[in-house]
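**Q** okay, predicted coordinates and the sequence, questions at the end:
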Amino acid sequence: MEHDKVLPYEQEQIDKKTQVTNMFDRIAPYYDFLNRFLSLGIDQRWRKKAIAKIAEAQPKRVLDIATGTADLAIEIQNKVKPTEVIGVDISPKMISIGNEKVLKRKLSNQVKLEVGDSENLRFDEGEFDAVTASFGVRNFGNLEKGLSEMYRILSTGGQLMILEFSKPTIFPFKQLFNSYFKYILPTIGKFTSKDPRAYKYLYESVQAFPDYEDMANILKSVGFKDVEWTPLTLGICTIYIGKK
């Protein structure tokens, strides 16, 4: 099944973008806890490795796409020290929680969050030195359109960094991973987030999403060059890097 056709809820009359917004609004209060719990804290290490990939270039303005509750945006500000990080997310409730974090860490002057559609960004061409996304591009209604927007707002020589789930290929880790995502994760989600369908969607969306070389080829097709990918934790997730 094409990744764009995998929907959070079985409501084909409602487009994917609207369904994704509704899903993340529902699970927003539980999102950070579930990320830490379900990944055993490894997701924080993944983000640090991903940020290291863009830190060398010392970008001044960074746009974080599908920023969620702003974990990556805040970490970029702390580690890379750009003059500004803007985080965009389609879910108002995720942005609200992210703003509380930014305020608590006294980063309101450096990290700005806003509700917005990653496939129709309000920014001008070439505005940012780096554009990032962690576990968000999988939820785009139209992947190529979203990636093209990320390319558009980058300055010439600017860098893309995407951190996204991928499918392990090594036996028996592949089978263990699939069982965990397909059966255990939705059960935990049912009792914690009150929305088990959201975590069933997570498994389905990862299975349908292009990864490794396939994702690299899509990035090249929308214009990115020097594209490379690095699997983490036996392929549970992958860092993709590209330049404009």
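**A** Okay, I see it.
**Q** list the residues that contact Ala66.
**A** Taking C-beta atoms under 8 Å, 6 or more residues apart in numbering as the criterion, Ala66 is in contact with Val88, Asp89, Ile90, Ser118, Ala133, Ser134, Phe135, Gly136, Val137, Asn139. Using the backbone N, CA and C atoms, a C-beta is placed for each residue, glycine as well.
**Q** out of those residues, list just those in strands.
**A** Val88, Asp89, Ala133, Ser134 (DSSP state E).
**Q** tell me which helix or strand comes right after the top strand by length along the chain.
**A** Across the chain, the longest stretch assigned as strand under DSSP E is strand 154-165. Where DSSP states H and E defines the elements, the next helix or strand beyond strand 154-165 is helix 173-179.
**Q** from the chain's centroid, how far away is that next one?
**A** 22 Å (C-alpha atoms, centre = their mean, to the nearest Å).
**Q** got a list of contacts for it?
**A** Lys167, Pro168, Tyr203, Leu234, Gly235, Ile236.
**Q** just the C-alpha atoms of the longest strand of the chain, please, in PDB.
**A** Backbone C-alpha positions of strand 154-165 (Å, rounded to 0.1, in the frame of the first residue of the first chain) are rendered in PDB as follows:
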ATOM      1  CA  LEU A 154      16.300  26.200   2.100                       C
ATOM      2  CA  SER A 155      19.100  28.600   1.000                       C
ATOM      3  CA  THR A 156      21.600  27.400  -1.600                       C
ATOM      4  CA  GLY A 157      24.000  25.000   0.200                       C
ATOM      5  CA  GLY A 158      21.500  24.600   3.000                       C
ATOM      6  CA  GLN A 159      21.100  21.300   4.700                       C
ATOM      7  CA  LEU A 160      18.100  18.900   5.200                       C
ATOM      8  CA  MET A 161      18.000  16.400   8.100                       C
ATOM      9  CA  ILE A 162      15.200  13.900   8.500                       C
ATOM     10  CA  LEU A 163      14.900  11.400  11.300                       C
ATOM     11  CA  GLU A 164      12.300   8.800  10.500                       C
ATOM     12  CA  PHE A 165      11.200   5.300  11.400                       C
END
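**Q** and it, what does it pack against?
**A** Here strand 154-165 touches helix 42-55, strand 128-134, helix 213-221, strand 237-243, going by 3 or more C-beta pairs under 8 Å, 6 or more residues apart in numbering; DSSP states H and E.
**Q** parallel or antiparallel, list what pairs with it.
**A** Its sheet considered, strand 154-165 pairs with strand 128-134 (parallel), strand 237-243 (antiparallel) by DSSP bridges.
**Q** including mean neighbour count, mean pLDDT and distance to Met23, could the ones you listed go into CSV?
**A** Below are the strands paired with strand 154-165 laid out as CSV (neighbours: other C-beta atoms under 10 Å; pLDDT from 0 to 100; distance: least, C-beta to C-beta, whole Å):
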stretch, mean neighbour count, mean pLDDT, distance to Met23
strand 128-134, 27, 98, 17
strand 237-243, 22, 97, 20
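**Q** lovely, talk soon.
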